[in-house]
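Q: what follows is a predicted protein model with its sequence.
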Number of protein chains: 2
Amino acid sequence: MDLGEFQIPGNSDPNQKTSHLSLDIGGSLIKLVYFSTNDGDDDDELGGSGKESVGVSNSNRSFPVLKGRLHFSKFETRKINDCLDFIQTKRLHIGGCQRLGALPIEKTIIKATGGGAYKYADLFKEKLGICLDKEDEMDCLVAGANFLLKAVHQEAFTYLDGKKEFVQIDHNDLYPYLLVNIGSGVSMIKVEGDGKFERVSGTNVGGGTFWGLGRLLTKCQSFDELLELSHQGNNRVIDMLVGDIYGGTDYSKVGLSSTTIASSFGKAISDKKELQDYRPEDIARSLLRMISNNIGQIAYLNALRFGLKRIFFGGFFIRGHAYTMDTIAVAVDFWSKGEAKAMFLRHEGFLGALGAFMSYEKHGLDDSMIHHLTQKFPMSSLVGDKICSPLNGELNDNESIECSVYAS
Amino acid sequence: MDLGEFQIPGNSDPNQKTSHLSLDIGGSLIKLVYFSTNDGDDDDELGGSGKESVGVSNSNRSFPVLKGRLHFSKFETRKINDCLDFIQTKRLHIGGCQRLGALPIEKTIIKATGGGAYKYADLFKEKLGICLDKEDEMDCLVAGANFLLKAVHQEAFTYLDGKKEFVQIDHNDLYPYLLVNIGSGVSMIKVEGDGKFERVSGTNVGGGTFWGLGRLLTKCQSFDELLELSHQGNNRVIDMLVGDIYGGTDYSKVGLSSTTIASSFGKAISDKKELQDYRPEDIARSLLRMISNNIGQIAYLNALRFGLKRIFFGGFFIRGHAYTMDTIAVAVDFWSKGEAKAMFLRHEGFLGALGAFMSYEKHGLDDSMIHHLTQKFPMSSLVGDKICSPLNGELNDNESIECSVYAS
């Protein structure tokens, strides 16, 4: 079996080839994960060290069959052509290992998940000549989260009072947990093991709501701009606080302080102001707080329902944004009276794409293989390397994880 | 004991007098409940039959001490002066029974609840010379709901597929239930008996959010106008549906049909439209649906948490609006997989004010008295009377319930 080419065993067509690229095409964003061996020019622009060589071995658990880097990238779904260009320019759809083999390519298959894998299948076929092999969205989110939590050092962290603290997860004590993926909408999944999960809830008040309402209210041009704005805003200008109703005092009998938000955007009902009289910064802040708090509350109620102590938040809504994480963490803390803790993932936005990537191995080799795509070194040992140390900052676009693929 | 004057026993000041008016001053609305005996001119403009006489008896359970009508009225909190004028013009603060007695009034006390009872206490003192006697908001909501559910015929109903069905509640099987009061913000209260309750949850995404965001987005001038607009709108213009992400197909594996809202306002992220390019009707509808659905979901999760089968929704957000009730009912049905049912109350907006009214009796006589303010006739027997028959339509402002006060 030539693992270097990631051929799919059991596939009767010897000319069918799979790529080292996977996609998660959501309502707002397309997320890409791709693996590159470090001997080629693919890496030059991608932050890889470029010093690793490809190692191939035959079914030996001790030696990696591939060494290289997992890269992460994203595009707006409405700018899908930019994504197609990126894939074509980097030749990601042809397969990262084409140098090793020279089989004529008839059908290239790319693992893809998210609703766009259905919606844009024809476009990918037409523009790049590739087939999107659709993987279930929830399967992928869970596989991606499980991979990150097991294989990547310092992946999960808590965030409270502006302080980020990494949480070392014991692999034997990972399950069950609640995975909350905040994309355009929100999915909440009870995860009990590899491939063992149930989508138990969700909410339609998600990242798409933040951005959609935010665009209408502030004329912002991008999600990131809106997040940036919110950073400088003051939600008390528009939100009706308990103190606004109670004349400045708390409603302490039921545990509501005067600064608790009684009604998001509630102050706008009595002010004589029009939309243009409010600062976009304040609107963005109220909106972010409303949505983050709501997600945190619904997540906690679902965790409680199933007795899940750990809640991991992922999805591209968060983007490592301090205020978003702080609000979600505070909401979980408030509603659980300190009993539950919100946890975040460094690769939060790429769960689905990573899960789709895992599914090459799942189908190509065997299920246990998915454990054997592992990070080569703990991230913390790579200080000084181009890989962003989690202790030094947030994950950036095009950042990579150094890892090895082992045969099972 | 002169019940006709509702004197407060135990009060050392014989000149202190209480009114037959009670108030619930919320962040958006002031709700008034007042009792009028039917022999005076108070009733002429208030929809009372004007034919009942005042009956007074001494501590006899069989005969009413007072017969008359409970009236309901509301004002916007920002127009509090209109409310003060109304009270003054109708002399509601002087007491409905002043004709029976002629004690000199030194201090008039009005039972009031809601945050505004604190915030506007000085204003009432200054403008009308009356003291607001503050009653706890949650106490009042629960007392009001319990009174309505026990004493008023055809108070509770379900609403599904455009069909309203009255539910006859067995008084012995009323508890426990979840009371969801949707005002500017939302309170969720687990009720286990008279005065036995706990505020278990709530959300800051409530009526104030609907109106506040709605005002900013549509330039509507009133809550009712916004509701009316929503009636003619189509939320699919702005909401991102599952089918929008999946290219028109369902995501049936997890039970999401193509028409399920994946992300409220999510379509606004990819459209090149500005705010003014959307119809206010469509915006109002998306907003109403987002908020109603969210409240329904959080309510269900809380009912589930405490094993409560009945969820009663009250508060002025609903206003007997078909689409609001339908969305809340559908949300509860969807999230509970048909196991829980949303129920609504005909006097939904007046729970707090009614509860404050009940507290006159609570303090004035004894706790059991609150059961003895009862509707004189079942509503359904009053067809043809000016009291709106619940079978014929919604509760209107200034509508009244005919009732009697019994001594215990």
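A: Here it is on my side, so go on.
Q: for the rest of this, base every contact and every neighbour count on C-alpha atoms.
A: Fine.
Q: is it true that residue A:36 touches residue A:20?
A: Yes. With contacts counted by Cα atoms under 8 Å, residue A:36 reaches residue A:20, the gap being 7.5 Å.
Q: so where's chain A uncertain?
A: Across chain A, the ranges flagged by pLDDT under 70 are A:1-19, A:38-66, A:95-106, A:361-400, A:402-408.
Q: let me see the contact set for the residue nearest the centre of it.
A: Nearest residue to the geometric centre of chain A (Cα atoms, centre = their mean): residue A:349, 1.7 Å. When contacts are counted by Cα atoms under 8 Å, 6 or more residues apart in numbering or on different chains, residue A:349 touches A:31, A:314-317, A:319.
Q: try it again with 7 Å
A: By Cα atoms under 7 Å, 6 or more residues apart in numbering or on different chains, the contact list for residue A:349 reads A:314-316.
Q: narrow these to those that are buried.
A: Listed as buried from those are A:314-316; burial here means 16 or more other Cα atoms under 10 Å in any protein chain shown.
Q: so of the contacts of residue A:349, which ones are in strands?
A: residue A:314 (DSSP state E).
Q: circling back to that earlier point, neighbour count for residue A:36 and residue A:20, which is higher?
A: For the pair residue A:36 and residue A:20, the greater number of neighbours falls to residue A:36 (29 against 23), based on other Cα atoms under 10 Å in any protein chain shown.
Q: distance of the more buried one relative to chain B?
A: Going from residue A:36 to chain B by Cα to the nearest Cα, to the nearest Å gives 29 Å.
Q: same check, this time on residue A:146
A: 20 Å.
Q: tell me which element that residue falls in.
A: Applying DSSP states H and E as the criterion places residue A:146 in helix A:137-151.
Q: show me how far that helix is from its chain's centre.
A: 10 Å (Cα atoms, centre = their mean, to the nearest Å).
Q: and the angle for whichever strand or helix holds residue A:355 with helix A:137-151?
A: Take DSSP H and E as the rule and residue A:355 turns out to sit in helix A:351-364. Counting by axes from the mean of the first three to the mean of the last three Cα atoms, to 10 degrees, helix A:351-364 lies at 90 degrees to helix A:137-151.
Q: by contact count, what packs against helix A:351-364?
A: Where contact means 3 or more Cα pairs under 7 Å, 6 or more residues apart in numbering or on different chains; DSSP states H and E, helix A:351-364 is packed against strand A:16-25, strand A:29-37, strand A:107-113, helix A:137-151.
Q: ok, which of the buried ones among the contacts of residue A:349 also contact chain B?
A: Checked against chain B using Cα under 7 Å from any Cα of the partner chain, these yield no neighbours at all.
Q: from those residues, pick the one nearest residue A:283.
A: If you rank these by distance to residue A:283 using Cα to Cα, residue A:316 comes first, at 20.7 Å.
Q: am I right that residue A:334 sits in a helix?
A: Yes. With DSSP: H, G, I helix; E, B strand; the rest coil as the criterion, residue A:334 is located in a helix.
Q: how close does it sit to chain B?
A: From residue A:334 across to chain B, the span is 11 Å (Cα to the nearest Cα).
Q: next, count neighbours for that residue.
A: With other Cα under 10 Å as criterion, residue A:334 counts 16.
Q: ok, back up a step: now the helix holding residue A:355: how far from the chain's centre is it?
A: So, by Cα atoms, centre = their mean, the centroid of helix A:351-364 is 14 Å from its chain's centroid.
Q: and the angle from it to strand A:29-37?
A: Using the same axes, to 10 degrees: helix A:351-364 against strand A:29-37 is 50 degrees.
Q: next one: residue A:313 from residue A:34, what distance?
A: 23 Å (Cα to Cα, to the nearest Å).
Q: swap in residue A:109?
A: Residue A:109 is 14 Å from residue A:34, by Cα to Cα.
Q: helix, strand, or coil at residue A:131?
A: Once three-state DSSP is applied, residue A:131 turns out strand.
Q: excluding chain neighbours, what is closest to it?
A: residue A:109 (4.9 Å; Cα to Cα, 6 or more residues apart in numbering or on different chains).
Q: same deal with residue A:182?
A: Here the residue nearest residue A:182, using Cα to Cα, 6+ apart, is residue A:315, at 4.4 Å.
Q: helices and strands around the top helix by length along chain A, which ones?
A: Longest helix in chain A by number of residues (criterion: DSSP state H): helix A:280-305. In terms of contacts (3+ Cα pairs under 7 Å, 6+ apart), helix A:280-305 is packed against helix A:207-218, helix A:223-231, helix A:322-335, helix B:280-305.
Q: what's the angle from that helix to helix B:280-305?
A: Interaxial angle, helix A:280-305 versus helix B:280-305 (the same axes, to 10 degrees): 30 degrees.
Q: list the buried residues of helix A:280-305.
A: For helix A:280-305, by 16+ other Cα under 10 Å, it's A:280-304.
Q: just give the closest residue to the residue of chain A most remote from its centre, not the sequence neighbours.
A: In chain A, counting by Cα atoms, centre = their mean, residue A:247 sits farthest out from the average C-alpha position, at 42.6 Å. Nearest residue to residue A:247 in three dimensions, chain neighbours excluded: residue B:119, at 4.1 Å (Cα to Cα, 6+ apart).
Q: repeat for residue A:78
A: Residue A:78 sits nearest to residue B:270 (Cα to Cα, 6+ apart), 6.0 Å away.
Q: and the stretch 201-350 of chain A, which residues reach chain B?
A: Counting by Cα under 7 Å from any Cα, the stretch 201-350 of chain A sits next to chain B at A:204-206, A:208-209, A:211-213, A:215-216, A:245-247, A:254, A:261-270, A:274-275, A:298, A:301, A:305.
Q: buried subset of those?
A: By 16+ other Cα under 10 Å, those give A:204-206, A:208-209, A:211-213, A:215-216, A:245-247, A:261-270, A:275, A:298, A:301 as buried.
Q: need the contact partners of stretch A:179-186.
A: A:27-28, A:187-191, A:202-208, A:299, A:311-317, B:262-263, B:266.
Q: if we use 6 Å, what do you get?
A: The contact list for stretch A:179-186 (Cα atoms under 6 Å, 6 or more residues apart in numbering or on different chains) reads A:187-189, A:202-204, A:206-208, A:312-317, B:262-263.
Q: stretch A:128-146 too?
A: A:108-114, A:121, A:124-125, A:351-352, A:354-356.
Q: and which of these is nearest to chain B?
A: The closest of the contacts of stretch A:128-146 to chain B turns out to be residue A:114 (Cα to the nearest Cα; 7.7 Å).
Q: ramachandran coordinates for that closest one?
A: Note on residue A:114: its backbone torsions stand at phi 80, psi 160 [degrees, to the nearest 10].
Q: I'd say it and residue A:23 touch.
A: No. Taking contacts as Cα atoms under 6 Å, residue A:114 lies outside contact range of residue A:23: 8.2 Å.
Q: more neighbours: which of these two?
A: Neighbour totals were compared for residue A:114 and residue A:23, and residue A:23 leads with 30 against 27 (other Cα under 10 Å).
Q: could you find the closest non-adjacent residue to residue A:242?
A: residue A:258 (4.7 Å).
Q: what's around that neighbour, how many residues?
A: When neighbours are counted by other Cα under 10 Å, residue A:258 comes out with 19.
Q: what separation do you get for it and residue A:246?
A: In terms of Cα to Cα, residue A:258 sits 8 Å off from residue A:246.
Q: pairing partners for the strand ranked longest in chain A, with directions?
A: Counting residues, the longest strand found in chain A (DSSP E) is strand A:64-76. When pairing is defined by DSSP bridges, strand A:64-76 lines up against strand A:29-37 (antiparallel), strand A:400-406 (antiparallel).
Q: for the nearest residue to residue A:199 once chain neighbours are set aside, what are its contacts?
A: Spatially, and ignoring its direct neighbours in sequence, residue A:199 is nearest to residue A:189 (4.2 Å; Cα to Cα, 6+ apart). By Cα under 6 Å, 6+ apart, the contact set of residue A:189 is A:178-179, A:198-200.
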